[in-house]
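[1] Dropping the sequence and predicted coords here.
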Amino acid sequence: MAKRERVTVDVTELPTIVFGHRGLLWWGTWGFAVAEGMTLVLSIATYFYLRPNFQSYPPLGYPQPDWIAPTIGMALFLATCIPAHYLKQSARRLDHAATNRWLVILSVSALVLCAVRTVDFYALRVLWMSSAYGSVLWVLLGFHGSLLVIEAAEVIGTTALYIKGPVLPRHFPDACDISNYWYFLVLSWLPIWFIVYLGPRLW
Amino acid sequence: MTAPPVAVGDSVPVDDRAEREQMTRVWERKPGLWGWLTTTNHKEIGKRYITTAFIFFLLGGIEAAMMRAQLSRPENSFLGPDKYNQIFTMHGSTMMFLFAVPIMESLGLYFVPLMVGTRNVAFPRLNAFGYWLFLIGGSFLYVQFFLNTGPDVGWFAYVPLSGPAFSPGKRADTWAQTITFTEIVAIVGAIELIVTIFKQRAVGMSLNRIPIFVWAMLVTAFMIMFAMPAVATASMYLALDRLVGTHFFNPSEGGDVLLWQHMFWFFGHPEVYIIFLPATGLVSTMLPAFTRRPVFGYPAMVLALVSVAFMAFGLWVHHMFATGIPQLAASFFTATSTMIAIPSGVQIFCWLATIWSGRPRFATPLLFIMGFIVLFVIGGVTGVMIASVPFDLQVHDTFFIVAHFHYVLMGGAVFPLFGAFYYWFPKVTGRMLSERLGKWNFWLFFIGMNLTFFPMHWLGFYGMPRRVYTYLASTGWGPLNLLASIGALVIASSVIIFLVNVLVSVRDGAIAGDNPWDADTLEWATSSPPPPYNFLHLPVVQGRSALWDEGDEHQVAVGTSTERREVLLTTTLDAQPDSRESHPHDSIWPFAMALAIGVLFITAIFTALALPIGGALALVAFAGWAWPSSEDVKTESDEKISLEGA
């Protein structure tokens, strides 16, 4: 025999679009960032685990990685936090035109950074099959690079959606979460850039 | 768009047919094959996951039976050495990656939304994608096996054995890519569970009121997010070493073979708890129904779950005692390995206290719980023994270890799982399993388990190594091996009885009703099987034992849409109502995305062209997935937006 039901809560007046940690996508975005971040942490751990296997670093016969071009790339990467920030602000204001504009700028930035990443690979001055030293450097860049390429595809796809439509109200919190993930990409690149390009010169 | 049928304080007619029909129209899947391929309902996906994982359990069981047949007498020729290597690798890989983790996660994906009182998981399309990818990954492993390209390097695939120098061909690549499939599946499932538990709980179900199974799944999901990347990364290093000539595990070029063991066991030991913690959650959630009291020591149980999860990441090196690690490290990992017995012991004493102070009713699920406690304690005690380095060095890679981890994993996870099948089968199918066959199932399983694995302790002491396809009669290992093989037959007969029970009961079992066990968690507040929308009116929770604490009236929340799919989001800690979020429609794109990723991973073993081809296919699927459909436009154009917290 089913129990009698009594209504004690009415949620009719609640909003249907919310931002930040109140929504599902924010949690999902950071969930993936944590799992992917763990992959990057383990790759960095691999770098330090293998390093004592070489008497000198870089190993004898390999030149130091070039640091100037990757550092300029790093500065560019940091600079993209500006469009990411304004993208988030525009989306929070539900400003379609401004969100659209900042998405276009972030898309172009993402494409430029993908090109910069190829320069970063050249700057390593070692191939992946040369030694474990080369292997771990290529994997560090490759892991992060694959996240960058996938995010670039998402930013460009969202930009296309904003240009062509239909843009739905939920796409504003989505744009905010693109910014959040972009910050993760930039922040996670900082230690890799430091370890790969500056590390061998500092210790 | 949304009109609550009644106001706060009103009684609601329990059998509101018109409202049920409307909700069914909104939430049910399309008919036919298209609907089957496109559904995103957590119960349909969950049932497929459970069924698929159970089929893998049967396949892994057949492989185990083949090994036992081979070892039943000295110098047997039933399996040759090459086939034996493949069979034990398939058995371990299947049981760990295709059965144990997926079936625990799939139980979570089926029951967590029901237990927390919501209509579906967060990210239902991701859930469908995860299932299809799991099916493709598991099928890939078995297709390769039947083509004689099955892996033969053990479920741990140690280098240098699995590296390019000692494993030419594609067998080890098959293993590495299967791992990549299953890790992605596990991680997406974990994220769905975490978000569902944090954001979609029923009003009033604060974190200190959620069922312990839900706590266990939450803790497990976090463990998955931190553990699985380790094996995914390691298997990618292995694939790169084998396919493109990197040197991660090649000592002559600065690589290190122990790097593999560190990364594998940094995943591998938490993996044991990723399998075991959900099982403890199952036990804690089933026990109240059979002891007629809430589980003893809820806060201690939850703290035990959380502390086990943390400790599980600090003892992986006890798998590597034989590799010659520094003495200080050996002492540290001995200490942490022993320490984890403390929270596990807390759980066991809480269960015993629950049974002791309750009024136990020895139905089949409780029998399996009792069996679990006995077997897990035996496995736990031998675990503490091998935490000691001198002892471990004596029994390392012997059958003692095989005995130990089967007591832990079969006793600690498979027994609760079978108990759970008996307990929740009525909810999933609407019919009861036969108690008589259930008792046969339990006793044969319990006897068979002990017959098979207890003698292996002695075989280990007598020096029989693991992973050998035969032995000489002069070793004297024959009689104990024969006993173990007879035990395997008994286990097989028990599983056959279970299958018969399921096949008969699903058609002719007694009608279950909504709550046949008079249990206290929310899944029993809806019909058996549950409707596509789970609850006509979302429940409001009054206490930890939701159905026992509410008295004669079932309190509900109204006001979510009956015109479109919508879920109620609540605050993370206190589960106060926060927003109503539009819920995705069914879609073919998760299936398409899984196919694209499948093409990418599988062809990557054979050609570098996999990347552009698979990547392009995945991009197309991603665009289809994310681009709003006309149905989205119709149902999502009239939203109420809140900028608070933006």
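    Alright, I've got the coordinates. Numbering: from 1, shown residues only, chains lettered A, B, ... in the order given.
[2] ok, now which ones touch B:Arg201?
    Counting by CB atoms under 8 Å, 6 or more residues apart in numbering or on different chains, B:Arg201 makes contact with B:116-118, B:210, B:570, B:575. For every residue, glycine as well, the C-beta is placed using N, CA and C.
[3] Tell me where the model's unsure across chain A.
    Low-confidence segments of chain A, defined by pLDDT under 70: A:1-2.
[4] which bits of the stretch 51-200 of chain B sit near chain A?
    B:122-123, B:126, B:187, B:190-191, B:194-195, B:198-199 (CB under 8 Å from any CB of the partner chain).
[5] Strands along chain A, start to end?
    A:4-10 (DSSP state E).
[6] you'd agree B:Gly130 is up against B:Val185?
    Yes. Counting by CB atoms under 8 Å, B:Val185 is a contact partner of B:Gly130 at 4.8 Å.
[7] Which strands or helices does the longest helix belonging to chain B pack on?
    In chain B, taking DSSP state H as the definition, the longest helix is helix B:257-291. Helices and strands touching helix B:257-291, by 3 or more CB pairs under 8 Å, 6 or more residues apart in numbering or on different chains; DSSP states H and E, are helix A:24-50, helix B:101-116, helix B:212-243, helix B:298-312, helix B:341-357, helix B:364-386, helix B:415-429.
[8] Mind doing that once more with 10 Å?
    Counting contacts by 3 or more CB pairs under 10 Å, 6 or more residues apart in numbering or on different chains; DSSP states H and E, helix B:257-291 is packed against helix A:24-50, helix B:101-116, helix B:171-199, helix B:212-243, helix B:298-312, helix B:341-357, helix B:364-386, helix B:415-429.
[9] what's in contact with the helix or strand following the fifth one?
    Note on helix B:298-312: by DSSP states H and E, the next helix or strand toward the C-terminus is helix B:327-339. The contact list for helix B:327-339, computed with CB atoms under 10 Å, 6 or more residues apart in numbering or on different chains, reads B:269, B:307, B:311-321, B:324-326, B:383-390, B:392-393.
[10] what about 8 Å?
    B:311, B:314-318, B:321, B:383-384, B:387-389.
[11] if we can go back for a sec, next, format the helices and strands packed on helix B:257-291 as JSON lines and append mean neighbour count.
    What follows is the helices and strands packed on helix B:257-291, written out as JSON lines (neighbours: other CB atoms under 10 Å in any protein chain shown):
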{"stretch": "helix A:24-50", "mean neighbour count": "20"}
{"stretch": "helix B:101-116", "mean neighbour count": "27"}
{"stretch": "helix B:171-199", "mean neighbour count": "25"}
{"stretch": "helix B:212-243", "mean neighbour count": "25"}
{"stretch": "helix B:298-312", "mean neighbour count": "19"}
{"stretch": "helix B:341-357", "mean neighbour count": "17"}
{"stretch": "helix B:364-386", "mean neighbour count": "21"}
{"stretch": "helix B:415-429", "mean neighbour count": "24"}
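[12] Identify whichever of these lies nearest to B:Tyr533.
    With distances scored as CB to CB, the stretch of these nearest to B:Tyr533 is helix B:101-116 (10.9 Å).
[13] quick one: the next helix or strand along the chain from the closest one to helix A:24-50, angle?
    As assigned by DSSP H and E, the chain's next helix or strand after helix B:101-116 is helix B:124-146. Helix B:124-146 runs at 40 degrees relative to helix A:24-50, counting by axes from the mean of the first three to the mean of the last three CA atoms, to 10 degrees.
[14] If you count neighbours, what's buried in helix B:124-146?
    Neighbour-count burial for helix B:124-146, counted by 16 or more other CB atoms under 10 Å in any protein chain shown, picks out B:124-138, B:140-142, B:144-145.
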